[in-house]
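Student: Compute the structure for the input listed below.
(one chain, ligands or ions: 1)
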Amino acid sequence: MIEIRKTVCYNKNDILFIGGAFCFLRSVLTMIELLSLEYNELRAFVENELGESSFRANQISEWICRGASIEDMTNLSKSLREKLAQEAFIAYPKIRKKLISKIDGTVKYLFEYLDGETVEGVLMRYDHGNTLCVSTQVGCRMGCRFCASTIGGKVRDLSSGEILGQVIIAQKESGERISNIVMMGIGEPLDNYDNVLRFIKLVSDEHGLNIGQRHISLSTSGLADKIDALANEDLQITLSVSLHAFDDKTRSSIMPVNNKWNIDVLLKACKRYFDKTGRRVSFEYTLINGKNDSLEGARQLSILLKRYFGKTPVHVNLIPVNQVSESSFTASGRGKVNAFCAELCQNGVNATVRRKLGDDISAACGQLRRREMQIFDT
Ligand code: SAH
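Tutor: Residues are numbered from 1 along each chain as shown. I've put the predicted structure just below:
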C-alpha cells in the first residue's frame, strides 16, 4: 500500500555548475510525501518503515495539520526526526504573495510549491465561517474563454497533499479555522480526479482537518463522465457545475468542453448525481454583457432546468463576469444581473447573486498567478 504513495521528488538543491552553464541534475529521490497519506497509510508507514509504535502516527498527523516541519516535531526524539526526514518530506506550499482586501478582509494567497510552480487560494470570511477557495491544478486545459487560469494551459496536476497543503498553510498563516472548502481556484478538479478524490478524503478525515464533506464544494466545467464516477464515490460534497449558458451554441462558444459533453449530456449526468447522492446540484452562471444575460435567456434557462430536473431542487449562482485583460468580455450591469435573477425566481428556479468579496484584490480566477508569471517572464 505504501509503495503506491511513494512520490518522486526532484531535489532542487542539486544544481551543478558545468562549463559556464547551469545544468539541473535532478537527483530522483524516492521519498514518502506525508501530506498525501491517508491515516491508515501513515500508520503503516510509521510501523513498517520507521519501526515505531502507531501512536507516533497520531503525533505526526497532529503536527502536519498545524503546518509544522519535521524538525519542529519536538515530541519525537531527535533520532526519529532524522530518520523521518530521510524517508519522507512534506509538500507544504510557501506563501509567495499575499493580498488583503481593504473592503472586507478577504485574503488572496499565491502559493509556491517545491518545484517553484504557483497557484492561488482565497480566504473568504462569511457569517457561517471561513471558506478557502483552493486550486487543484497548476494552470488548466479547459480553455474557457472568460477565464485567466487557462490562458497558459495546464502545467501539471497537484497531488492530494499539495492541495491539502493550501488549507493547512492558510489556516496556519491566518490563525483562523477554515470550516468550508470550495474547489473553485485554478484548475479543473475532475481533470485531476484521483488526487482530488484523495484530497476530499484527507481533508474530511477525523484524524486530519476534519472538515465535514457537506462543507466542501467541487466546481466543474462539466466533465459528464467524471460526474457519473463521482456519484458512485459515496460522498456528501456539493457539486457545482459551471453552466454559463442556456443553449449549446452559446456554451460551446465560451466553453470548449461543451463540444465533448453538451448541455443535454451534462444535465442528465447532473440529474443522475442527484438521484444517486440526494445532494442538490448548484449551477454557476457568469453573466457576460450581451452574451448570455438577456431576460429571454433567463426564461430559457428556467425552462431548460425544469425540463431536466422537474421538481428536483437546484440552485443557480449568478456572478457578473470578472473582466480578464486578455478577453473582451465585460460584466453585465447591476440592474441586468438583478433582473436576470428575478426572472429565474419568478419562473420557479432558486437563484441568488453571488456576493462579491475582495473586489479590490480581485483579479479573477488565475489572474494573480498570471501577473506574477509576466513579472518573472520579463
Ligand atoms: N474548472 C472548474 C473550477 C475552477 S473555476 C470550473 O470550471 O468550474 C471556478 C468558477 O469560476 C467557475 O464557475 C468558472 O467558470 C468561474 N470563472 C472563471 N473565470 C471567471 C471570470 N473571469 N469571471 C467570473 N467567473 C469566472
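
Student: Please list the residues of the chain that sit near the ligand.
Tutor: 142, 144, 146-147, 184, 188, 219-221, 242, 284, 286, 319, 321-322, 324, 364-365 (Cβ under 6 Å from any ligand atom). Quick note: C-beta positions are derived from backbone N, CA and C, even for glycine.

Student: Now intersect those with the strands, please.
Tutor: Residues of the residues of the chain next to the ligand located in strands (DSSP state E): Ser219, Thr220, Ser242, Glu284, Thr286, Ile319.

Student: Show me what counts as buried in stretch 274-293.
Tutor: Under the neighbour-count criterion of 16 or more other Cβ atoms under 10 Å, stretch 274-293 has 274, 277, 279, 281-288, 291-293 buried.

Student: Adding distance to Arg251 and pLDDT, write these out as CSV.
Tutor: Listed next are those as CSV, based on distance: Cβ to Cβ, whole Å; pLDDT from 0 to 100:
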residue, distance to Arg251, pLDDT
Phe274, 21, 97
Thr277, 24, 97
Arg279, 23, 96
Val281, 17, 97
Ser282, 17, 97
Phe283, 12, 98
Glu284, 12, 96
Tyr285, 11, 97
Thr286, 12, 95
Leu287, 14, 96
Ile288, 12, 96
Lys291, 11, 95
Asn292, 9, 96
Asp293, 14, 96
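
Student: Max pairwise distance over these: which two?
Tutor: Thr277 and Lys291 (31.9 Å; Cβ to Cβ).

Student: quick one: the closest residue to Gly212 other than its chain neighbours from Ile211, how far?
Tutor: Distances taken as Cβ to Cβ, 6 or more residues apart in numbering put Ser204 closest to Gly212, at 6.4 Å, once the chain neighbours are dropped. Between Ser204 and Ile211 the computed distance is 6 Å (Cβ to Cβ, to the nearest Å).

Student: Glu176 too?
Tutor: Distance, Glu176 to Ile211, by Cβ to Cβ: 13 Å.

Student: Who does the longest strand belonging to the chain pair with, and is each partner parallel or antiparallel?
Tutor: For the chain, the longest strand by residue count, based on DSSP E, is strand 118-126. Strand 118-126 has its sheet partners listed here by DSSP bridges as strand 107-112 (antiparallel), strand 129-133 (antiparallel).

Student: which of those sits most buried?
Tutor: strand 107-112 (a mean of 22; mean count of other Cβ atoms under 10 Å).

Student: now the helices for the stretch 51-200 of the chain?
Tutor: Using DSSP state H, counting those that start in this stretch, the helices of the stretch 51-200 of the chain run over 55-65, 78-87, 160-174, 193-204.

Student: Which among those helices is found nearest to Gln346?
Tutor: That would be helix 193-204 among the helices of the stretch 51-200 of the chain, by Cβ to Cβ, at 36.2 Å.

Student: Would you mark the buried spots in that closest one?
Tutor: For helix 193-204, by 16+ other Cβ under 10 Å, it's Tyr193, Asn195, Val196, Leu197, Arg198, Phe199, Ile200, Lys201, Leu202, Val203, Ser204.

Student: Please export the C-alpha coordinates of whatever helix or strand Lys336 lives in as PDB.
Tutor: Taking DSSP states H and E as the criterion, Lys336 maps to helix 334-346. Extracted in PDB, the C-alpha atoms of helix 334-346 (Å, rounded to 0.1, in the frame of the first residue of the first chain):
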ATOM      1  CA  ARG A 334     -26.100  45.500 -11.600                       C
ATOM      2  CA  GLY A 335     -29.600  46.100 -13.000                       C
ATOM      3  CA  LYS A 336     -29.400  43.400 -15.600                       C
ATOM      4  CA  VAL A 337     -28.000  40.900 -13.100                       C
ATOM      5  CA  ASN A 338     -30.800  41.600 -10.600                       C
ATOM      6  CA  ALA A 339     -33.400  41.400 -13.400                       C
ATOM      7  CA  PHE A 340     -32.000  38.000 -14.600                       C
ATOM      8  CA  CYS A 341     -32.100  36.700 -11.000                       C
ATOM      9  CA  ALA A 342     -35.700  37.900 -10.500                       C
ATOM     10  CA  GLU A 343     -36.800  36.300 -13.800                       C
ATOM     11  CA  LEU A 344     -35.400  32.900 -12.800                       C
ATOM     12  CA  CYS A 345     -37.000  33.100  -9.400                       C
ATOM     13  CA  GLN A 346     -40.400  34.100 -11.000                       C
END
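
Student: Now do the buried residues in that helix.
Tutor: Lys336, Val337, Ala339, Phe340, Cys341, Glu343, Leu344.
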